[in-house]
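Fold the following for me, if possible:
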Amino acid sequence: KRRVVDRFEREYLSMLMRRNGGNVTSAAARSGMLRSALQRLLRKHRLRSSEFRRARPREADAAVND
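Numbering: from 1, shown residues only. All right, here's what the predicted structure looks like:
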């Protein structure tokens with residue numbers, strides 16, 4: 001169960017950060033999470049916001065979000 005949850009969290013965080021151009025504040029607001037909670041999850045999964053700053057949202061991701 002832990003592996004499944006960890007995988008889901010990592011994929012969700014990656015998608016969320018990609019869609020928000022690495023902006024933690026925007027990503028937190030969009031997901032309905034506190035910024036501090038999002039940062040904690042990013043650290044847990046060793047994801048850095050800078051990894052996503054130059055990434056642009058893919059059209060498929062944008063379509064799912066709307």
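
C-alpha only now, for contacts and for neighbours.
Fine.

For stretch 31-45, buried residues please.
For stretch 31-45, a neighbour-count test (16 or more other CA atoms under 10 Å) marks 38-39, 42, 45 as buried.

out of these, which are inside helices?
Per DSSP state H, helices hold the following members of the buried residues of stretch 31-45: 38-39, 42.

nearest to Ala29, of the residues you listed?
Ala29 has its nearest neighbour among these in Leu38, at 9.8 Å by CA to CA.

per-residue pLDDT, Ala60?
The model reports Ala60 with a pLDDT of 47.

of the buried residues of stretch 31-45, closest to Leu13?
Nearest to Leu13 among the buried residues of stretch 31-45: Leu42, at 7.2 Å, using CA to CA.

Could I get the contacting residues of the closest one?
Contact analysis of Leu42 by CA atoms under 8 Å, 6 or more residues apart in numbering lists 13, 48.

ok, now how distant is it from Gly22?
Per CA to CA, to the nearest Å, Leu42 is found 11 Å from Gly22.

go on, Lys44?
Distance of Lys44 to Gly22, given as CA to CA: 16 Å.

Restricting to C-alpha, output the longest helix anywhere in the chain in PDB.
Looking across the chain with DSSP H, the single longest helix is helix 2-19. Extracted in PDB, the C-alpha atoms of helix 2-19 (Å, rounded to 0.1, in the frame of the first residue of the first chain):
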ATOM      1  CA  ARG A   2       2.800   2.400   0.900                       C
ATOM      2  CA  ARG A   3       4.500   2.000  -2.500                       C
ATOM      3  CA  VAL A   4       1.200   2.700  -4.300                       C
ATOM      4  CA  VAL A   5       0.500   5.800  -2.200                       C
ATOM      5  CA  ASP A   6       4.100   7.000  -2.600                       C
ATOM      6  CA  ARG A   7       3.900   6.500  -6.400                       C
ATOM      7  CA  PHE A   8       0.600   8.400  -6.600                       C
ATOM      8  CA  GLU A   9       1.900  11.300  -4.500                       C
ATOM      9  CA  ARG A  10       5.100  11.600  -6.600                       C
ATOM     10  CA  GLU A  11       3.200  11.600  -9.900                       C
ATOM     11  CA  TYR A  12       0.500  14.000  -8.600                       C
ATOM     12  CA  LEU A  13       3.200  16.400  -7.200                       C
ATOM     13  CA  SER A  14       5.100  16.300 -10.500                       C
ATOM     14  CA  MET A  15       2.000  17.000 -12.500                       C
ATOM     15  CA  LEU A  16       1.000  19.800 -10.200                       C
ATOM     16  CA  MET A  17       4.400  21.400 -10.200                       C
ATOM     17  CA  ARG A  18       4.600  21.100 -14.000                       C
ATOM     18  CA  ARG A  19       1.200  22.800 -14.400                       C
END
